[in-house]
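*Asks:* just to be clear, the model below is a prediction. Sequence and coordinates:
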Amino acid sequence: MTSPPITILLAEDDDGHASLVQRNLERAGLVNGFLRVRDGQELLDCLGTHGSSHGLALHEAIVVLLDINMPRIDGIEALRQIKSNPDTRRIPVIMLTTTDDPREIDRCYELGCNVYITKPVEYGGFIDAIRRLGLFLQIVQRPRNGRA
Amino acid sequence: MKPRRVTILRKGLLVLALPLLYQALFIGLLLKRQHDHNAAQRRAVHTKDVLLHTDAILQHLLTSQSNLRAYLLTGQEIFAEEMAREEAFVATDLVTMPALLRDNPRQQARFSEIVSLIQARLEYERVMTARMREVGQQRVLEETKDMKGNILMDRLAAKIEAFRNIEEKLDRERLDELARSSNLQNWLLVLGLLFNFAVGALAAVVFSREIGERLRTVAGNTHRITRGEELPPVVAGSDEIAELDGKLHVMADDIAASRRRERVYQKTLEGRAADLARANLDLDHKNQEIEMFVYSVSHDLRSPLVNLQGFSQELRLARNELGRVFAEDFTALSRERAKEIIERDVSEPIHYIQAAVTRLSCIIDALLRLSRAGRVEYHPRLVELAPVVARVVASMRGSIVKCAAEVTIHSLPAVWADPAATEQIFANLVGNAVNYLDPKRPGVIEIGSVDRPVEGMTSPRICFVRDNGLGIAPAYLPKVFAIFQRLHGDIAVGEGVGLALVRRVVERHGGRVWVESEEGKGSTFFVALPRSRETSPLPGVAPRKESITVRTRAA
């Protein structure tokens, strides 16, 4: 069984981290759509304009991987904005960050993140989480989009 | 010389003495009055006596005159005899009179004039009687025609009358004087009585004001002393009240001085306490800063570490891939060469890089854990240690079985602590005990409790974890709880942070941790924790759920 097409949107300011994430995703076969932005502002721009600038369509499956420590708009604020916007709040968000402070983790869950992963990443679990999220997204969102 | 003191007794005596003095005068006055009355009465009686005698003399003289006349007219001897008897009466009276008149020389003088007249008259009568016997009645009657006897008698009567009048007048004057005197005395008595009342009342007022007012002041002073107020000047006078007030002033001064001293001490103490509090706050800040620093440094270290770890992994994968590629497509010679490069020049560096990265990662994790131990919010409650230790031991069953150690859990108390923190403490202590067992003998680990005093703690609960492991050399004992101290670095894996963590956690709970050890025989770690909320420095707050690193949640 082939993986459903998932567009993975990575917000990460460290090039090395971004490269590692991409490599691991490709190795796991999740190559359909990978898009990297450098900070929260760029991520919000990207989600706000949807397909027009980045070729993303609303009906496409998107998973956001979000770092916390980023310039301009940080990951927490980006998460808050994504989850408070009715257009984007269904997009699954995986927090992918070096911070393992329990308060920070709690805050992210309170804001509505779906998974919280601490770097250095155990990529097996990470890929697994992405797959599950992607699958879940397809099952839940496809019929709804069909009706719309 | 000491001045004479006017005591309250003396004042009281003075107040009593004033009326007494007057009463004495009063009695004296009464006595004098009595005496004056008696004297006046005596004088009145005396005057009556004088008048009586005077009248008697006059009467006798008149009778004797009548008898002389009768004798001369009748010639009967009986009248002469009668006359002689009367004359004898007069003579006796004349003897008594001077004694009665001793007190009045002027009347005495007058009376002596009367006496001479009386004697002249008596002489006349004797002469007449004698002439009667010598010359007979006829001649005598002739001789009496000159009325010499009558004239004499009239003069005498007039003199006596004057004498009487004077005596009576004297008597009246004396009575008047007596009346005036007693009148004056009456007034004096009344005035004196009024004066006595006035003096008594005045003395009472003065006394009560003098004593009462000052006593009130002194009583007020005792209140002022208790309230710590300033006292008015010492009350005037030299009596017991002034003395008492003086002593009160001394006492008040003493109290004020000790209050001042107390204030100084208090201020010093407050100053010290404030210094201490500041120092404590400062230390607290520094500690927080250090923990923050450690936290952020180790946190920042993670980011490059992620790259190191990730890319070394990439390199490893690439090498594997490269190996496979070479194995398929290249000639034998170049395959050998490529294999050599991969094995020697790529694999070994990758191995060391990855080992270093793993170690670095462990250290950073440990640092983060330790810094979090100082910052994490605890939610203390009464925790039964027995199930906690049982859980810890159960989770280590694998390694315990591996080294064939025997673990005994004795009875354990309940302590006032954060449940997760107690688990952390015992996981570290039991873990250490298991890790540092002596492979030369079967391991024996005991967990139990003891009861002994601990400095700085009130009735603590003390648990111990005892092993028969490698033990700690005396020189290393002081360093056991310091961070990154690994005494047996080659024996077990670890970051050297466990005991530092235990100490930090226990001390944040207001407890103590210490070790007794003998190298080659084993170590005993003691943990003292508070028994109740009252002896714990941690505030009791509602618990918060502990977070885990990775969680999934359905969207």
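*Replies:* On my side now, so go ahead.
*Asks:* now for the helix or strand where residue A:105 lies, which elements pack on it?
*Replies:* Residue A:105 belongs to helix A:102-111 when assigned by DSSP states H and E. Helix A:102-111 sits against helix A:75-84, strand A:115-118, with contacts defined as 3 or more C-beta pairs under 8 Å, 6 or more residues apart in numbering or on different chains; DSSP states H and E. Backbone N, C-alpha and C define where each C-beta goes, glycine included.
*Asks:* measure stretch B:404-412 end to end?
*Replies:* Distance across stretch B:404-412, first residue to last, is 24 Å (C-alpha to C-alpha, to the nearest Å).
*Asks:* tell me which residues of that stretch are tucked away?
*Replies:* When burial is assessed from 16 or more other C-beta atoms under 10 Å in any protein chain shown, stretch B:404-412 yields the following buried residues: B:405, B:407, B:409, B:412.
*Asks:* before we move on, the earlier item: distance to residue B:21 added to the helices and strands packed on helix A:102-111, as TSV?
*Replies:* Conversion of the helices and strands packed on helix A:102-111 to TSV gives the following (distance: least, C-beta to C-beta, whole Å):
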stretch	distance to residue B:21
helix A:75-84	108
strand A:115-118	113
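*Asks:* please identify the most buried of those.
*Replies:* strand A:115-118 (a mean of 22; mean count of other C-beta atoms under 10 Å in any protein chain shown).
*Asks:* tell me the strands beside that strand, with direction?
*Replies:* Looking at strand A:115-118 with DSSP bridges, its partner strands are strand A:93-97 (parallel), strand B:551-552 (antiparallel).
*Asks:* element containing residue B:238?
*Replies:* Going by DSSP H and E, residue B:238 is not part of any helix or strand.
*Asks:* and the nearest residue to it once chain neighbours are set aside, helix, strand or coil?
*Replies:* Here the nearest residue to residue B:238 in space, its sequence neighbours aside, is residue B:5; by C-beta to C-beta, 6 or more residues apart in numbering or on different chains that works out to 4.9 Å. What DSSP: H, G, I helix; E, B strand; the rest coil gives for residue B:5 is coil.
*Asks:* which residues in the chain form strands?
*Replies:* As the question left the chain open, I've gone with chain A. A:7-11, A:33-37, A:62-66, A:93-97, A:115-118 (DSSP state E).
*Asks:* switch to chain B, that's the one I care about
*Replies:* In chain order, chain B shows strands spanning B:381-384, B:406-409, B:414-417, B:444-450, B:461-467, B:512-518, B:522-529, B:551-552, with DSSP E as the criterion.
*Asks:* of all those, which one comes closest to residue A:40?
*Replies:* In terms of C-beta to C-beta, the element of the strands of chain B nearest to residue A:40 is strand B:551-552, at 22.5 Å.
*Asks:* mean confidence score for that closest one?
*Replies:* Averaged over strand B:551-552, pLDDT sits at 38.
*Asks:* likewise for stretch B:129-138?
*Replies:* Taken as a whole, stretch B:129-138 carries a mean pLDDT of 83.
*Asks:* next, name the residue at the spatial heart of chain B.
*Replies:* Geometric centre of chain B, nearest residue: residue B:226, 4.9 Å, by C-alpha atoms, centre = their mean.
*Asks:* any idea of the pLDDT on that residue?
*Replies:* The predicted local confidence for residue B:226 is 85.
*Asks:* if I look at it, how far off is chain A?
*Replies:* When distance is defined by C-beta to the nearest C-beta, to the nearest Å, residue B:226 is 57 Å away from chain A.
*Asks:* do residue B:308 as well
*Replies:* Going from residue B:308 to chain A by C-beta to the nearest C-beta gives 9 Å.
*Asks:* burial measure for that residue, as a count.
*Replies:* Residues lying near residue B:308 (other C-beta atoms under 10 Å in any protein chain shown) number 18.
*Asks:* for residue B:524, same thing?
*Replies:* For residue B:524, the tally of surrounding residues (other C-beta under 10 Å) stands at 18.
*Asks:* tell me who's in contact with it.
*Replies:* With contact taken as C-beta atoms under 8 Å, 6 or more residues apart in numbering or on different chains, residue B:524 is in contact with B:464-467, B:515-517.
*Asks:* quick check: closest non-adjacent residue to residue 121.
*Replies:* The chain I'm using is chain A. Residue nearest to residue A:121 in three dimensions, not counting chain neighbours: residue A:96, with 7.0 Å by C-beta to C-beta, 6+ apart.
*Asks:* not what I meant, chain B
*Replies:* residue B:152 (5.0 Å).
*Asks:* okay, the helices and strands packed on helix A:102-111 in TSV with distance to residue B:353 and mean pLDDT next?
*Replies:* Shown next, in TSV, are the helices and strands packed on helix A:102-111 (distance: least, C-beta to C-beta, whole Å; pLDDT from 0 to 100):
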stretch	distance to residue B:353	mean pLDDT
helix A:75-84	29	88
strand A:115-118	21	84
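*Asks:* do you know which of the ones you listed lies nearest residue A:47?
*Replies:* Evaluated with C-beta to C-beta, those place helix A:75-84 nearest to residue A:47, the distance being 6.7 Å.
*Asks:* out of the helices and strands packed on helix A:102-111, which comes closest to residue B:26?
*Replies:* helix A:75-84 (114.1 Å).
*Asks:* find the nearest non-adjacent residue to residue 80, please.
*Replies:* Went with chain A since none was named. With sequence-adjacent residues excluded and distances taken as C-beta to C-beta, 6+ apart, residue A:80 is closest to residue A:111, at 5.2 Å.
*Asks:* the intended chain is chain B.
*Replies:* residue B:71 (4.8 Å).
*Asks:* repeat for residue B:468
*Replies:* Leaving aside its sequence neighbours, residue B:468 sits nearest to residue B:522 (C-beta to C-beta, 6+ apart; 4.1 Å).
*Asks:* any idea how far residue B:481 is from the one you found?
*Replies:* If you measure residue B:522 against residue B:481 using C-beta to C-beta, to the nearest Å, the figure is 18 Å.
*Asks:* the more surrounded of these two?
*Replies:* Neighbours were counted for residue B:522 and for residue B:481 using other C-beta under 10 Å; residue B:522 has more, 24 against 20.
*Asks:* returning to what we had before: would you mind measuring from the residue nearest to residue A:80 to chain B?
*Replies:* In this structure, residue A:111 and chain B are separated by 12 Å, where distance is defined by C-beta to the nearest C-beta.
*Asks:* run a quick neighbour tally on that residue.
*Replies:* Look at residue A:111: counted by other C-beta under 10 Å, it has 18 neighbours.
*Asks:* right, and it touches residue A:83 too?
*Replies:* Yes - with contact taken as C-beta atoms under 8 Å, residue A:111 and residue A:83 are classed as touching, separated by 5.6 Å.
*Asks:* tell me the contacts of the residue sitting nearest the centre point of chain A?
*Replies:* Computing the C-alpha centroid of chain A and ranking residues by C-alpha atoms, centre = their mean puts residue A:64 first, at 1.0 Å. When contacts are counted by C-beta under 8 Å, 6+ apart, residue A:64 is found next to A:9-11, A:43, A:47, A:82, A:91-94.
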